[in-house]
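Participant: Sequence plus predicted model, see below.
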Amino acid sequence: MAHGHVHRSSPRRGARISVPITIVVALVLGASAGGAAWYSARHRHTSGAAASVSCASRPTTVSAVVAPDLASVLAPVLAPQPVPCVRVLMTAADSADMAQYLAGSGAAPAGVRGRPDVWIPDTSLWLELARATAAGQAAVPQNGSSVADSPTVVAAPKAVADALGGVGPP
């Protein structure tokens, strides 16, 4: 070099950020796995405890109609009869068809026999469609509770957000 000093380039910005992000991700995953293991250990039914539960009569049957995407997630949880003396009969049915059926404006989806005890659609928006008629208001209570929440993200280019009256940074 002409001036006698060595020029070192600084490390790439991504390299400096990736180590802390990796550590945070590892900690979050470790904490999640530990929490799941703790929960599983505290709520595991031993064969002796399950065998000692006796039902006064046959198990209570609860019918549940579930959106097909959610049925694959719920089936392994409900199959082993997690609550003693309760048996869940789950049927997968399209949420739109079920909403129309409960509103009284459509036929029962395939496999659905009458109004279910539990309906789990793929979004709570189907509840409003089902409640749009008097029959639906009688069939779908207003005071139900959601079993899950999903974040909703709406994104648009700044010009489109401005045209739509968007507030805040896009």
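Facilitator: Received it, and whenever you're ready, just let me know what you need.
Participant: Any stretches of this structure with poor pLDDT?
Facilitator: 1-53, 82, 144-154, 166-170 (pLDDT under 70).
Participant: In a helix, residue 74, correct?
Facilitator: Yes - under DSSP: H, G, I helix; E, B strand; the rest coil, residue 74 falls within a helix.
Participant: Now do the buried residues in stretch 100-116.
Facilitator: Within stretch 100-116, the residues scored as buried using 16 or more other CB atoms under 10 Å are 100-103, 108-109, 112, 116. (Glycine included, C-beta is placed from N, CA and C.)
Participant: which of those lies closest to residue 63?
Facilitator: Among the buried residues of stretch 100-116, residue 116 lies closest to residue 63 (CB to CB), at 4.5 Å.
Participant: Can you name the residues that contact the closest one?
Facilitator: 63-65, 91 (CB atoms under 8 Å, 6 or more residues apart in numbering).
Participant: Shouldn't it be within a strand?
Facilitator: No - Residue 116: not assigned to a strand; according to three-state DSSP it is coil.
Participant: Quick check on it: phi, psi?
Facilitator: Dihedral angles of residue 116 (phi, psi; degrees, to the nearest 10) stand at phi -80, psi 160.
Participant: before we move on, what about residue 96?
Facilitator: Backbone torsions for residue 96, taken as degrees, to the nearest 10, come to phi -70, psi -40.
Participant: Against residue 133, how distant is the residue lying closest to it once chain neighbours are set aside?
Facilitator: Spatial nearest neighbour of residue 96, excluding adjacent residues (CB to CB, 6 or more residues apart in numbering): residue 126 at 6.9 Å. Separation of residue 126 from residue 133 (CB to CB, to the nearest Å): 14 Å.
Participant: Please compare these two by neighbour count and tell me which comes out ahead.
Facilitator: Comparing residue 126 with residue 133 by other CB atoms under 10 Å, the one with more neighbours is residue 126, at 22 against 15.
Participant: those helices in this structure, which residues are they?
Facilitator: For the chain, the helices defined by DSSP state H occupy 13-43, 47-52, 68-78, 95-103, 125-130, 134-139, 158-163.
Participant: What's the separation between residue 69 and residue 58?
Facilitator: In terms of CB to CB, residue 69 sits 32 Å off from residue 58.
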